[in-house]
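1. Next one to model:
(2 chains)
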Amino acid sequence: MTEQQPNLPGARLRTERKRQNLSEQDVSARLHLSMTYLKALESDDYERLPQAAFVKGYVRNYARLLGLPAEDLVRDFQTLVQDRGDDKLVSPVHMVIRERGPGWLWPAVVIAVAVVIGLGWWGTRGMGLPDDLPGLSAPQATLPSLPGSADEEDAASPASLPQEPVNVEAPSEALPEESDTGAPGVSAPDAPTVGAPPAGPTELAMNEPAPLDVLQVSFGGNCWVQVTDAAGEEIYQGQQRSGSQLALEGEAPFRVTLGNAAAVTVLQFNGETQSLPTAAPGRVIRITVP
Amino acid sequence: MSLIKRIRGMFSTDLSIDLGTANTLIYVRGRGIVLDEPSVVAIRHHGAQKSVAAVGADAKRMLGRTPGNITAIRPMKDGVIADFEVTEKMLQYFIKKVHESGFFPPAPRVLVCVPCKSTQVERRAIQDSAYGAGAREVFLIEEPMAAAIGAGLPVHEASGSMVVDIGGGTTEIAIISLNGIVYAESVRVGGDRFDEAIVSFVRKEYGSLIGESTAERIKHEIGTAYLGGEILEIDVRGRNLAEGVPRSFTLNSEEILEALKDPLNSIVNAVKNALEASPPELASDIAERGLVVTGGGALLRDIDRLLSEETGLPVIVADDPLTCVARGGGKALELMDTRGFDTLALS
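-> Numbers count the residues shown, from 1 in each chain, chains lettered A, B, ... in the order given. Purely as a prediction, here's the structure:
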């Protein structure tokens, strides 16, 4: 049976042994292998032989003795064994290139979770803060609108003129009197249609988000970014590659979390470049813009 | 501290390290052998300050060729740590190299293979240097056990398996049955001793001085452990001691065999002693199936033939003998996870 299948390593060894006129005893003595094992090996009866690790050695030694290509026979044997599912192939020595995906993903996920938890905690604790400081937020809102309105809002809104008063009113929800004076006077298209004076401020409050603040960030390296707007809602979260630009619209102030702050080349708020704290590569920073 | 390490550990993979005298190999679960570099560190001195100039293959190229301010060191000797700080630095470098994600410094679980006859102090030194290199947990396993697992021997069965691991610094011989070492012997003879023997042979016979790297090259190219195969030759250059100038001469396999006779004899004797000391049941198992040779020394031509003729047993060279220990350590880590930590590891 085995003679018909010359691919079987045992059969090849036996044929070669006979060709070289060697007896089984000769081979057994030279290899110090018992006759039982030798016979089993030549008839490819691997059930009667020990584990694959040993048999591979026997095949290799026997092939070397007969001058056959040992590694070929061992490979034949290995494929046989693999078919039987006995033994796993020995994995060759090779350098494995690290898969980049999971390595970046895990820290990113953990940081994202940490940031979300942190923001949630900060949000519940610091709810009252903006109400206490209307005066402080007012100049912040007006300051960027002056240079910003010139180029940013040309396309977005019908006229650049109404922007200023509306921006002034933005933080002044607590002071309806002031907004009364401002709204009917300048923002002509909206106020007259509403008509009723008490509805004015509420309507305006709804319309306020319309002139959105623009945040632009340019990257010189890979960086994970998360941006939340004034309401604490996440408006962007993701990975930015080197050379990419991120432009976001939303209600200021933005809370920006940068996974790798050193990769940020320019951070502009309504066209105005904001200074960033210097950071070492790979450092995370959290800033509020403006 | 430990909490931070645990968090960092989430981003690190389990490693099995074969911290050998000649080469350090690192096996990572599911990825295979990811690092195979010589255990050599080049140190640069700036006055009293020291810094690491190169590690691994880069540093090995510098061995014996360094200027005054750089010293290339092999921090392991005879299978154990000879220079604690440098070993720590080297491990740190290697561990970092296999964890390339820059987010956190890695804090992996590490299994390190130690010579079976190493003392408590030597084991402690290896353990501490692995901790110092950032490991979160360190396990130690005896080298022949790891080698046997790596070679695919049935270590868990109630039958004797004998493994001879010829490393760079030591040769470890062990008889293993039921996941335990029944008999172990460690002789401080290995690849390094072969190189030294070649160096001293050339000095004696040719009156020339050659470096260790040259001796290693001679061993790899024409070294043999048993006469009977073809005789190879190699041209080498060494500094003639009498004339003081470099001279070229030719060596052949027979001469190298002569040079290696003493260290080879120590290995053969240790193997014979192990067979003598083994319980009869296990000896009969070994006589039936044979013994397995692993480690870099197994690559010496006809070493299996020598052991086979000397012991009268079938001798098998394991597949990929250089990586057996590291691969076995990796398998041991997996076994420890599935069956508990005390199955194989020491501590």
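2. how many other residues sit next to the residue of the stretch 1-150 of chain A found nearest chain B?
-> When distances are taken as CB to the nearest CB, the stretch 1-150 of chain A reaches nearest to chain B at residue A:57, 2.6 Å away. To be clear about C-beta, it is placed using only N, CA and C from the backbone, and glycine gets the same treatment. With neighbours defined by other CB atoms under 10 Å in any protein chain shown, the count for residue A:57 comes to 27.
3. Grab the nearest non-local neighbour of it.
-> residue B:316 (2.6 Å; CB to CB, 6 or more residues apart in numbering or on different chains).
4. Wait, the one you found touches residue B:291, no?
-> Yes. Here residue B:316 reaches residue B:291: they are 7.3 Å apart, a contact under CB atoms under 8 Å.
5. Tell me which other helices or strands the longest helix belonging to chain B touches.
-> Among the elements of type helix in chain B, defined by DSSP state H, the one spanning the most residues is helix B:253-277. Using 3 or more CB pairs under 8 Å, 6 or more residues apart in numbering or on different chains; DSSP states H and E as the contact criterion, the neighbours of helix B:253-277 among helices and strands are strand B:161-166, strand B:171-177, strand B:180-187, helix B:191-206, helix B:212-222, helix B:303-311.
6. Go through those and name the closest to chain A.
-> helix B:303-311 (5.4 Å).
7. what mean pLDDT would you report for that closest one?
-> Averaged over helix B:303-311, pLDDT sits at 94.
8. Same question for stretch B:250-261.
-> Mean predicted confidence for stretch B:250-261 is 94.
9. and it, how far from the chain's centre?
-> In terms of CA atoms, centre = their mean, to the nearest Å, the centre of stretch B:250-261 is found 23 Å from the chain centre.
10. what sits up against that stretch?
-> With contact meaning CB atoms under 8 Å, 6 or more residues apart in numbering or on different chains, stretch B:250-261 is reached by B:194, B:197-198, B:200-202, B:205, B:218-219, B:222-227, B:229-236, B:300-301.
11. Now do the buried residues in the helix or strand containing residue A:16.
-> Using DSSP states H and E, the element containing residue A:16 is helix A:9-19. Within helix A:9-19, the residues scored as buried using 16 or more other CB atoms under 10 Å in any protein chain shown are A:9, A:10, A:11, A:12, A:13, A:14, A:15, A:16, A:17.
12. which regions of chain A sit below the pLDDT cut-off?
-> With pLDDT under 70 as the threshold, chain A has low-confidence stretches at A:1-6, A:83-104, A:126-210, A:279-280.
13. and if we set it to 80?
-> When the per-residue scores of chain A are filtered using pLDDT under 80, the ranges that remain are A:1-7, A:81-106, A:124-212, A:252, A:260-262, A:274-284, A:289-290.
14. Which stretches in it count as helices?
-> A:9-19, A:24-31, A:35-42, A:52-66, A:70-84, A:100-125, A:129-132, A:134-151, A:153-156, A:163-169, A:176-186, A:191-194, A:199-207.
15. can you check chain B too?
-> With DSSP H as the definition, chain B shows helices at residue ranges B:2-9, B:57-62, B:84-98, B:120-132, B:143-150, B:191-206, B:212-222, B:253-277, B:280-289, B:303-311, B:324-339.
16. wait, which of those is closest to residue B:39?
-> helix B:84-98 (6.7 Å; CB to CB).
17. residues in contact with that closest one?
-> Here helix B:84-98 makes contact (CB under 8 Å, 6+ apart) with B:13, B:15, B:17, B:19, B:24, B:26, B:28, B:34-35, B:37, B:39, B:41, B:43, B:52, B:55-56, B:73, B:75-76, B:81, B:105-106, B:108, B:110, B:125-126, B:128-130, B:132-135.
18. how much distance is there from it to the middle of the chain?
-> Centroid separation for helix B:84-98 versus its chain: 17 Å, with CA atoms, centre = their mean.
19. Now the stretch 151-300 of chain B against chain A: closest residue?
-> Shortest the stretch 151-300 of chain B-to-chain A distance, computed as CB to the nearest CB: residue-wise this is residue B:152, at 3.5 Å.
20. How much space separates the residue nearest to that residue when sequence neighbours are not counted from residue B:148?
-> Closest residue in space to residue B:152, ignoring its immediate chain neighbours: residue A:53 at 3.5 Å, by CB to CB, 6+ apart. The gap separating residue A:53 from residue B:148 is 9 Å, by CB to CB, to the nearest Å.
21. Name the residues contacting each of the two.
-> With contacts taken as CB under 8 Å, 6+ apart, the residues that reach both residue A:53 and residue B:148 are residue B:292.
22. The residue of chain B found nearest chain A: neighbour count?
-> Here chain B gets closest to chain A at one residue, residue B:316, 2.6 Å apart by CB to the nearest CB. Taking other CB under 10 Å as the neighbour definition, residue B:316 ends up with a count of 27.
23. Who does it form a beta bridge with?
-> With DSSP bridges applied, residue B:316 shows beta-bridge pairing to residue B:292.
24. ok, now residue B:252?
-> Listed by DSSP bridges, the beta-bridge partners for residue B:252 are residue B:233.
25. What distance do you get for it to residue A:273?
-> When residue B:252 is compared with residue A:273 (using CB to CB), they lie 76 Å apart.
26. who has more neighbours, those two?
-> Between residue B:252 and residue A:273, counting by other CB under 10 Å, residue B:252 is the more crowded of the two (14 against 10).
27. separation between the residue in the stretch 151-290 of chain A positioned nearest to chain B and residue A:256?
-> Scanning the stretch 151-290 of chain A for the residue nearest chain B gives residue A:282, at 6.0 Å (criterion: CB to the nearest CB). Summarising the geometry, the distance separating residue A:282 from residue A:256, computed by CB to CB, is 17 Å.
28. next one: residue A:275
-> Spatial separation of residue A:275 from residue A:256 under the definition CB to CB is 13 Å.
29. ok, these two, which is more surrounded?
-> More neighbours sit around residue A:256 than around the other of residue A:275 and residue A:256, counting by other CB under 10 Å; the figures are 25 against 7.
30. Would you agree that one is in contact with residue A:229?
-> No. Contact between residue A:256 and residue A:229 fails when scored by CB under 8 Å: they sit 10.6 Å apart.
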